[in-house]
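Enquirer: Okay, here's the prediction I keep looking at, along with the sequence it came from:
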Amino acid sequence: MSFLTRIAPAARTSTLSLRPATTPVFSVGATRSISATARRDKGPIDATKDTLKKADRKVSDAAVKGIEVGENAAEKVKSTVGSTTAEAKAKTDELSGEASQFATMSKLSNPVSLLAAILVRVPLVLKTILLHAIRLSPVTGKQDLRTGLTVAIIRSFLVFTSPVGKQQRDSMRDPGIKGPMWVSKVTFPKPEADVQDAVVKAIEALKTGDETYNIPGVIPLEAEWTGYRSGVHKNAPQPDISEEAKYEELKKESKEDMVILYLHGGAYFLCDPCTHRPLVAQLSKRTSARVLSVRYRLAPQNPFPAALVDALTAYLSLVSPPPGSLHEPVAPNKIIVSGDSAGGNLCLVLLQTLLTLRRVCPTVRFHGRDVPIELPAGLAISSPWCDITRSMPSVHHNSVYDFLSPPTQDPETAYRPLAVPEDDVWPVKPPRVDLYANASALLHPLVSPLAGRDEIWKGAPPVFIAMGEEGLTDEGLVVARKMHRVGVPVVVEQFEGMPHCFGQVMMGTPTSRRFLDGTAQFCRDVVAGKITADTPTPAKITFIGYKLQSIREIPLESAVPLTDEEVDTVLERGKQWRLEGEKLLEQEWVEKAKL
């Protein structure tokens, strides 16, 4: 998701809503510039990845042939330009699988559409290869050919013209379970309304104005236990055994007592645990931990705070298992909460909810027990979406490295929501401009963690934040800065030239492996007590250079050249723009109803 805007008046151009040809996206700001708001979540990308795996074999072959055209062009470039395009050929070959994986956007659900979409992008592939070969690409020295092609092709698919409901359904298609992973599907029974009430208490305690929101209710919660399965072929199916038996096999291979609670990304309206299985399985492999991946409710049908209620339900289910659960109680100091993009947002607001409840409601009634609110061992998040208004500057500054394009709507015009064909999902009635939350609530700390005061993070456990040089960089760095100021141990790793959610998008590359290894090491250290809430950490970012060739440290305070007052001004401007747009929509809706 990308959500950025410039400071000054341009800052208001940032937006959370995804829009057709102007989809804002994340692009992590270089440490020297302000990383900011990115708008669209990588969600569509993950969905794309998984849907394509189900596409007809002939379509996959056609996709590869389309990329092979690029390979031939690369060889011509080599002879014509005299440049080292042997690398271009090799990298394009590597990309063929990724290009086909991410090509399955909403409108490409059938083989014919997919084939046509890939073939029409052959000129884009040729152009990218040529510019890379003659070293005139704007990302030269920051991205290799494989990364550049991946970003260019994914960006070209992120043009949302289908109804929101169709986009959502397509993003949630299950590609099946195969290869080196165990997956055991579970459903936790509906809890008492006390879980919802606890979230409402936290929201009210942190309100700063007239924020409005829906009361979501509680539901049975679906989730997937995931673990690494060793010694099998990448296409090996799961054995035909019960979910309980799968869980027992998963436990045998997950040697540690650590549990990772994983919250997937997807702009809060896309994706599913099934889209993140490969990533989650890799986390399990590197940590030897079980992972619980949650199927939380999605917007726009279930706006804020439905996802937060589900996240709290999942956390309490680990600590105090409901009747019939496969797992035993998990001590909070053995739990790592992890997620990407919008899932990273949900991790942060879940932590903030727990911190707040410890002050205002220290126990919650859950399946007949009074469960004390205790904090997890830590958070490990990547490319977190911390500003739903997408008002920070890095969405523009870093857009060249990201597949999430910056917003282009003129801030002098009335703010308009996602412009896609209507369906029974979107727009909602009464109308709102944002898929996830009412405009009045966009700067609530449990919606946009960036908007919270430093003090609300006091007492938090250690936090690990990984990001690329993407649109969301600014907001992630400012949140890290706020945490560090009140004594929270924060570990920040930024990867030069990498796009949003690169750890998943570029899986299998050295950079992705480095990201996964760093995340896993943090998780192990925290659960082992090597990093605790009292452990002092330096106020710095570890900036990992192009192709992992260099590592340097950058002061956290100077990484984002915006003061807290400037950040607040930019955020408030973005909120007011949306508030005015939402009021106009409501007026139009009322007038239309009178006809």
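Expert: Alright, I've got the coordinates.

Enquirer: Only C-alpha atoms from now on, for both contacts and neighbour counts.
Expert: Fine.

Enquirer: Please report the distance of the residue nearest the centre of the chain from V488.
Expert: For the chain, the residue nearest the mean C-alpha position is S341 (1.9 Å; C-alpha atoms, centre = their mean). With distances taken as C-alpha to C-alpha, to the nearest Å, S341 is found 21 Å from V488.

Enquirer: same deal with V164?
Expert: Relative to V488, V164 is positioned 39 Å away (C-alpha to C-alpha).

Enquirer: Settle it for me: which of the two has more neighbours?
Expert: In terms of neighbours (other C-alpha atoms under 10 Å), V164 is the more surrounded of V164 and V488; the figures are 27 against 24.

Enquirer: contacting residues around the more buried one?
Expert: Shown in contact with V164 (C-alpha atoms under 8 Å, 6 or more residues apart in numbering): V420, P421, E422, D423, V425, W426.

Enquirer: Put the buried members of these into a ChimeraX selection.
Expert: Isolation of the buried members of those (16 or more other C-alpha atoms under 10 Å) is achieved in ChimeraX through the command below:
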select :420,426
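
Enquirer: ok, so of the contacts of V164, who is nearest I336?
Expert: V425 (33.6 Å; C-alpha to C-alpha).

Enquirer: Surely that closest one is in contact with Q301?
Expert: Yes: the pair V425 / Q301 is scored as a contact, 6.4 Å apart, by C-alpha atoms under 8 Å.

Enquirer: In space, what's closest to T537 - neighbours in sequence excluded?
Expert: Distances taken as C-alpha to C-alpha, 6 or more residues apart in numbering place P489 nearest to T537, at 5.3 Å, with adjacent residues excluded.

Enquirer: The one you found: neighbour count?
Expert: Burial of P489 is recorded as 25 neighbouring residues (other C-alpha under 10 Å).

Enquirer: Contact partners for it?
Expert: Neighbour list for P489: P461, P462, V463, M483, I531, T532, A533, D534, T535, P536, T537 [criterion: C-alpha under 8 Å, 6+ apart].

Enquirer: Might you specify the subset of the residues you listed located within helices?
Expert: Members of these lying in helices (criterion: DSSP state H): M483.

Enquirer: Tell me the buried residues within the contacts of P489.
Expert: The neighbour-count test (16+ other C-alpha under 10 Å) applied to those identifies P461, P462, V463, M483, I531, T532, A533 as buried.

Enquirer: which one of those residues is nearest L595?
Expert: M483 (52.2 Å).

Enquirer: Does that closest one touch P462 like I think?
Expert: No: using C-alpha under 8 Å, M483 makes no contact with P462, being 9.6 Å away.

Enquirer: anything in contact with each of the two?
Expert: Residues touching both M483 and P462 (C-alpha under 8 Å, 6+ apart): P489, V490.

Enquirer: first vs last residue of stretch 526-536, how far apart are they?
Expert: Distance across stretch 526-536, first residue to last, is 13 Å (C-alpha to C-alpha).

Enquirer: same question, stretch 395-412
Expert: End-to-end span of stretch 395-412 (C-alpha to C-alpha): 19 Å.

Enquirer: which parts of that stretch are buried?
Expert: Residues 395-409, 411 are the ones in stretch 395-412 that count as buried (16+ other C-alpha under 10 Å).

Enquirer: returning to that earlier point: so which one of the contacts of V164 is the model least confident about?
Expert: In terms of pLDDT, the weakest of these is V420, which scores 92.

Enquirer: Do I have it right that it meets G165?
Expert: No: with contact taken as C-alpha under 8 Å, V420 and G165 are classed as non-touching, separated by 10.4 Å.

Enquirer: Check the model's average confidence along stretch 188-199 for me.
Expert: The predicted model gives stretch 188-199 an average pLDDT of 99.

Enquirer: now that stretch, how far from the centre of its chain.
Expert: Computed by C-alpha atoms, centre = their mean, to the nearest Å, the separation of stretch 188-199 from the middle of its chain amounts to 25 Å.

Enquirer: which parts of it are buried?
Expert: In terms of neighbour count (16+ other C-alpha under 10 Å), stretch 188-199 has its buried residues at F188, P189, P191, E192, D194, V195, Q196, D197, A198, V199.

Enquirer: hang on, A380 packs against T519?
Expert: Yes: A380 lies in contact with T519 (C-alpha under 8 Å); the separation is 6.6 Å.

Enquirer: Overlap of the contact sets of those two?
Expert: Both A380 and T519 are contacted by F464, under the criterion C-alpha under 8 Å, 6+ apart.

Enquirer: residues in contact with stretch 577-593?
Expert: Counting by C-alpha under 8 Å, 6+ apart, the neighbours of stretch 577-593 from elsewhere in the structure are R12, P411, A414, Y415, R416, P430, P431, R432, V433, A439, S440.

Enquirer: Name the member of the residues you listed with the most neighbours.
Expert: Result: R12 is most packed of the contacts of stretch 577-593 (other C-alpha under 10 Å), 30 neighbours.

Enquirer: Doesn't V330 belong to a strand?
Expert: No: inclusion of V330 in a strand is not indicated when DSSP: H, G, I helix; E, B strand; the rest coil is applied; the result is coil.

Enquirer: For the closest residue to it other than its chain neighbours, grab the count of nearby residues.
Expert: Nearest residue to V330 in three dimensions, chain neighbours excluded: V319, at 5.0 Å (C-alpha to C-alpha, 6+ apart). Around V319 sit 21 other residues, with neighbours defined as other C-alpha under 10 Å.

Enquirer: who touches V319 in this structure?
Expert: In this structure, V319 makes contact with P329, V330, A331, P332, judged by C-alpha under 8 Å, 6+ apart.

Enquirer: returning to what we had before: which two among the contacts of P489 are spaced furthest apart?
Expert: Checking those against each other with C-alpha to C-alpha, the farthest-apart pair comes out as M483 and I531, at 15.4 Å.

Enquirer: Show me the shaky parts of the protein.
Expert: Scanning the chain with the threshold set as pLDDT under 70 gives 1-110.

Enquirer: again, only using 50
Expert: Scanning the chain for pLDDT under 50 picks out 1-107.

Enquirer: what about the residue nearest to V330, distance to S325?
Expert: As for V319, its distance to S325 is 12 Å (criterion: C-alpha to C-alpha).
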